[in-house]
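> okay, predicted coordinates and the sequence, questions at the end:
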Amino acid sequence: MIKKIYLRYLAWKKPVKYAKKLGVNIGGDNRIVSCRHGMFGSEPYLVTIGSNCLFSGEVQFLTHDGSLDIFRDEIPEAFIYKPVVVGSNVFIGFRVTIMPGVTIGDNVVIGAGSVVTKNIESNTVVAGVPAKVISSVQDYKKKILPHIDKINGLNNSIKKQYLKNKYNL
């Protein structure tokens with residue numbers, strides 16, 4: 001019971017430490033915005049994550065194919081397990097699902113709500129169900145530069161005032 005409470009605490013307060021405790025092979029300087037039980041699948045030791053990644057809330061890593069359950073009477077031991085590999089400098093948006101066997105390269109952006117069913121090459125932006133290449137990271141950078149608000153790190157009251165002024169709220 002105490003171990004479960006401790007793991008829930010880690011998932012909530014120290015999600016990277018939680019991932020390591022579960023057996024995820026995870027590099028340094030990673031941030032997980034919101035972590036919950038089952039995020040790393042039932043075989044978290046099959047998940048490898050590089051460094052300098054940011055995962056939004058409700059991201060799901062799947063490491064097995066449970067659909068084989070329909071054959072359970074015929075093939076009782078049937079299961080398919082595959083690792084998931086995430087490179088370095090990767091952003092994964094809110095409610096992204098990564099399917100078993102997927103490898104994600106370095107410098108990748110995955111849009112919110114995407115379902116990643118195939119490998120993603122480095123330096124790409126993908127989104128959709130299933131996730132498809134939208135652009136290169138360099139083209140994405142050119143597109144978003146004019147819209148950037150340089151407010152990261154400001155205290156909440158200054159940030160709030162800046163955004164209210166910007167949008168006339």
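Received it, and whenever you're ready, just let me know what you need.
> helix or strand with the lowest mean pLDDT in the protein?
helix 2-13 (a mean of 62; mean pLDDT, DSSP states H and E).
> what distance do you get for the residue lying farthest from the centre of the chain to residue 32?
No residue in the chain sits farther from the centre than residue 74, which is 35.3 Å out by C-alpha atoms, centre = their mean. The gap separating residue 74 from residue 32 is 39 Å, by C-beta to C-beta, to the nearest Å. Every C-beta, even on glycine, is put in place using the N, C-alpha and C of the backbone.
> same thing with residue 109?
For residue 109 relative to residue 32 (C-beta to C-beta), the value is 16 Å.
> what's the answer for residue 38, then?
Separation of residue 38 from residue 32 (C-beta to C-beta) stands at 14 Å.
> of the two, who's got more company?
residue 32 (22 against 12; other C-beta atoms under 10 Å).
> what sits against the more buried one?
Applying C-beta atoms under 8 Å, 6 or more residues apart in numbering to residue 32 gives the contacts 15-16, 19, 55, 59.
> could you dump these to TSV with distance to residue 151?
Listed next are the contacts of residue 32 as TSV, based on distance: C-beta to C-beta, whole Å:
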residue	distance to residue 151
15	24
16	25
19	29
55	22
59	25
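> if any of those residues are buried, give me the ChimeraX selection for them.
This is the ChimeraX syntax for the buried subset of the contacts of residue 32, where burial follows 16 or more other C-beta atoms under 10 Å:
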select :15,16,19,55,59
